[in-house]
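Here's a sequence, model it:
(chains A and B, ligands or ions: 3)
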Amino acid sequence: MKPAAFTYHDPRTVEDALRVLADVGDEGKVLAGGQSLLPILNMRLASPAHLVDINKVAGLSAVSADAGGVTVGATARHTEVERDEAAYAVQPLLRQALRLVAHPAIRNRGTTCGSLAHADPAGEMTAVLALTGGAVRLRTSTAEREVAAADFFLGPLESCLRPGELLVSVHFPAFPAGTGTAFVEVARRHGDYALCGVAAAVTRDGDGTVTSARAAYISVSPTPLVLDLTDAAPDWAAAGRLARERVDPEADIHSTVAYRRQLVEVLTVRALTAGVAA
Amino acid sequence: MTEQVRPVTLVVNGTGHRITVPVRRLLSDALRHDLGLTGTHVGCEHGVCGACTVLLDGLPVRSCLLFAVTVDGADITTVEGLAAADGTPHPVQQAFTECHALQCGFCTPGFMTTIAAALQDNPDPDEEQARAIIGGNLCRCTGYQNIVKAVVRAAAIARERA
Ligand SMILES: Cc1cc2nc3c(=O)[nH]c(=O)nc-3n(C[C@H](O)[C@H](O)[C@H](O)COP(=O)(O)OP(=O)(O)OC[C@H]3O[C@@H](n4cnc5c(N)ncnc54)[C@H](O)[C@@H]3O)c2cc1C
Ligand code: FES
Ligand code: FES
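Numbering: from 1, shown residues only, chains lettered A, B, ... in the order given. Ligands and ions are numbered 1, 2, ... in the order given. Prediction:
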């Protein structure tokens, strides 16, 4: 199917974009990579009166990394973040997760900020933001605020973004020295949204003792779930059982509750084991 | 409401075109309906099948998930642009013929553009990597085995020609 008619805006500066977004209010939608929005428009699940295309806005495409972490601008594509060597060195979980996001042709266009704004509980980057304890920067024509991962996601496909607000960038902090990370998932087909996915970060001190073992989950909760499994370390089988008890997944056409719980346990063990080895 | 239209310039397979389209025109439809380049196929219109894949500034993208106005001025390669100017088939095209990698052909343009771009990144894929390259494209006829062979063969042809 084809999208319903809309009025198109293609501002060239952030200020112009914010002005247009303020004018159109809740009649408007931001168009970033379009890799989630276009399917919705094509299927007429939504028909916003105004689209504000941010692809031509200058100054939003940077990926920058320093010792503190990685900052990604609103129009940086998944592929650009995935391939960025400096970003990988500082926060390897980004690349580990992005490889599992859809297919290269989707990642060439889809943006990392857009996938966070979309707030799909099956979206890998929501777990990465939650596990790293990152934050997004939101701007309107009159105000700016920074929102932590824990406060940003409100429910499935629902974030605290307000009409007129633009997510201008996201910051993924680095983990402490001695941290290994991994992202593992099970999907029906390679590139599909996962039935369950687990991001893990395991930190060890100089003696090799685990000081922190945490995991974040996709597709098993309305918003990304972070579990602290340090108490079970280094018995990863026990950590898997602990995680299984702590989740409350829902069934859908792809999976029963029991199967999702099973995936949580098995993938937790895999992710923590891989995190330690990393 | 009268529908908003915009002039858009697309450089497709090296030739510049200026068209005036409704702002909601998908790139896939702009190529097919406005430019008459029907090599780009449309299967699902929600990004899943890969039949509409074209190269945008050299990188594969779904043309059904882009508005023509968004990519105003961009350089686009469709399946029609893969062969050399003298008509010599692209290595991927020759490999598809040799390996019998298509049946009905509906999915083929999307596979070819995807594979052509991937071989730029990885000129010598093994079979495992070939499978990963085509993981985002659906084919309802072939069972994929011959397409995997064609990826590996296309890389070999490109090397033979070099
Ligand atoms: C076949 C297919 C498979 C996919 N598989 C996966 C997968 O496995 N995992 C995964 O995570 N994703 C997957 N995706 C989605 C993909 O990652 C998208 O790129 C991403 O979800 C949205 O980013 P976008 O830039 O395309 O946003 P858009 O589609 O442009 O926008 C999505 C939503 O976010 C809003 N928005 C976007 N950017 C901003 C901003 N800066 N400020 C405010 N609001 C904004 C839009 O208004 C819209 O509501 C898949 C997509 C397809 C088509
Ligand atoms: S028609 Fe574009 S991906 Fe299927
Ligand atoms: S050859 Fe018929 S769909 Fe692939």
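
Just the closest residue of chain B to chain A, please.
B:Gly136 (2.8 Å; CB to the nearest CB). Placement of C-beta: from N, CA and C, glycine included.

Now for the closest residue to that residue other than its chain neighbours: which residues touch it?
Spatial nearest neighbour of B:Gly136, excluding adjacent residues (CB to CB, 6 or more residues apart in numbering or on different chains): A:His103 at 2.8 Å. Neighbouring residues of A:His103 by CB atoms under 8 Å, 6 or more residues apart in numbering or on different chains: A:191, B:50, B:135-136.

isn't the residue of chain B closest to chain A right up against B:Thr113?
No: with contact defined as CB atoms under 8 Å, B:Gly136 does not reach B:Thr113; the gap is 11.6 Å.

Those two - which one has more neighbours?
Under the criterion of other CB atoms under 10 Å in any protein chain shown, the comparison of B:Gly136 against B:Thr113 puts B:Thr113 first, with 29 against 25.

Could you see whether ligand 2 lies near the helix or strand hosting that one?
B:Thr113 belongs to helix B:108-121 when elements are defined using DSSP states H and E. No: judged by CB under 6 Å from any ligand atom, helix B:108-121 and ligand 2 are separated, with a smallest distance of 7.3 Å.

Share the number of residues neighbouring the nearest residue to A:Glu15 once chain neighbours are set aside, please.
Closest residue to A:Glu15 apart from its sequence neighbours, by CB to CB, 6+ apart: A:Ser141 at 7.7 Å. By other CB under 10 Å, the residues close to A:Ser141 number 17.

now do the one 10 residues further on
Residue neighbour count, defined by other CB under 10 Å, stands at 12 for A:Asp151.

Show me which residues of chain B are close to ligand 1?
B:47-48.

typo on my end, it should be chain A
A:29-37, A:39, A:74, A:101-102, A:106, A:110-111, A:113-115, A:117-118, A:123-125, A:161, A:166-167, A:193.

So which of those residues are in helices?
The helices, defined by DSSP state H, take in A:37, A:39, A:106, A:113-115, A:117-118, A:124-125 from the residues of chain A next to ligand 1.

In ChimeraX, select just the buried ones from those residues.
Buried residues among those (16 or more other CB atoms under 10 Å in any protein chain shown), as a ChimeraX selection:
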select /A:37,39,106,113,114,115,117,118,124,125
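
Could you export the ones in helices among the residues of chain A next to ligand 1 as CSV, including distance to ligand 3 and pLDDT?
Formatted as CSV, these follow (distance: CB to the nearest ligand atom, whole Å; pLDDT from 0 to 100):
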residue, distance to ligand 3, pLDDT
A:Leu37, 27, 98
A:Pro39, 21, 98
A:Ile106, 20, 98
A:Cys113, 35, 98
A:Gly114, 30, 98
A:Ser115, 29, 98
A:Ala117, 34, 98
A:His118, 30, 98
A:Glu124, 29, 98
A:Met125, 32, 98
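
Among the ones in helices among the residues of chain A next to ligand 1, which one sits closest to chain B?
Within those, proximity to chain B (CB to the nearest CB) peaks at A:Pro39, which comes in at 3.7 Å.

who are the neighbours in contact with that closest one?
So A:Pro39 contacts B:45-47, B:65 (CB under 8 Å, 6+ apart).

now the residues you listed in a markdown table, with secondary structure and pLDDT?
Shown next, in a markdown table, are these (DSSP: H, G, I helix; E, B strand; the rest coil; pLDDT from 0 to 100):
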| residue | secondary structure | pLDDT |
| --- | --- | --- |
| B:Glu45 | coil | 97 |
| B:His46 | coil | 96 |
| B:Gly47 | coil | 97 |
| B:Leu65 | helix | 98 |
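
now those residues: which count as buried?
B:45-47, B:65.

list the contacts for the closest residue to ligand 1 within chain B?
When distances are taken as CB to the nearest ligand atom, chain B reaches nearest to ligand 1 at B:Gly47, 2.8 Å away. Neighbour list for B:Gly47: A:35, A:38-39, A:102, A:106, B:62, B:64-65 [criterion: CB under 8 Å, 6+ apart].

quick one: it from A:Leu21, how far?
25 Å (CB to CB, to the nearest Å).

now do A:Asp84
28 Å.

Just want to know which of the two has more residues nearby.
Between A:Asp84 and A:Leu21, A:Leu21 has the larger neighbour count (other CB under 10 Å), namely 24 against 19.

Let me know the secondary structure of that one.
The three-state assignment at A:Leu21 reads helix, by DSSP: H, G, I helix; E, B strand; the rest coil.

Once you drop chain neighbours, what's closest to it?
A:Gly164 (4.8 Å).

Sounds good, over and out.
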